[in-house]
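K.L.:
test case, fold it:
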Amino acid sequence: MLSLSPIKIMVVVAVVLLLLGPDKLPEVANKLGSSWRALKRLQEKVESEVRSAIPDLPSTGDIARLARSPVNLLNQLADRVEANEASETALNNHVEEPESEVTSAPLISPRVTPRVRPVEDLPTPPDPSLN
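P.N.:
This next block holds a predicted model:
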């Protein structure tokens, strides 16, 4: 994965300075800045059009949080399925069950930590010395 350490950033800056030189660097930086601003305006325009078409879409921050932690979303969905199955079982057995907080919880909650279920009996890789 790409990690930008301070040393790598300084190397990139030094290479850019050597390739462009001090004369062209302000011009290139200005073009990059204007391109970045145009890209941000385009993003805002597309987002406003999508939000006008789909008004109950989650906020951009919530979508980003889901993209960073899909395990959290899957755990929430699994909990909902388990709660629905439990309530169906209770209805089939004619047993009163108090309503669980899981069914009324929002799909996106910012402070829920991911709960990873254990994986049992993972296969061991073959020993390379046996080849």
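K.L.:
how close does Glu47 get to Ala78?
P.N.:
30 Å (Cβ to Cβ, to the nearest Å). No exception for glycine: its C-beta is placed from N, CA and C like everyone else's.
K.L.:
in this protein, which helix or strand is least confident?
P.N.:
The helix or strand with the lowest mean pLDDT-type score in the chain, counting by mean pLDDT, DSSP states H and E, is helix 101-104 (a mean of 51).
K.L.:
give me the longest helix you can find in the protein.
P.N.:
Ranked by residue count and defined by DSSP state H, the top helix of the chain is helix 6-53.
K.L.:
name the next helix or strand following that helix along the chain.
P.N.:
helix 60-68 (DSSP states H and E).
K.L.:
what angle do that next one and helix 6-53 make?
P.N.:
Counting by axes from the mean of the first three to the mean of the last three Cα atoms, to 10 degrees, helix 60-68 lies at 120 degrees to helix 6-53.
K.L.:
domains of the protein?
P.N.:
Per automatic domain parsing, the domain ranges recorded for the chain read 19-57, 60-112.
K.L.:
for those, could you give me a markdown table that also reports mean neighbour count?
P.N.:
Below are these laid out as a markdown table (neighbours: other Cβ atoms under 10 Å):
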| stretch | mean neighbour count |
| --- | --- |
| domain 19-57 | 10 |
| domain 60-112 | 12 |
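K.L.:
out of those, nearest to Met10?
P.N.:
domain 19-57 (15.0 Å; Cβ to Cβ).
K.L.:
tell me the mean pLDDT over the closest one?
P.N.:
Average pLDDT, domain 19-57: 90.
K.L.:
could you do stretch 62-71 as well?
P.N.:
Stretch 62-71 comes out at a mean pLDDT of 80.
K.L.:
can you pull the contacts of Val16?
P.N.:
Applying Cβ atoms under 8 Å, 6 or more residues apart in numbering, we find Val16 in contact with Leu25.
K.L.:
no further questions, thank you.
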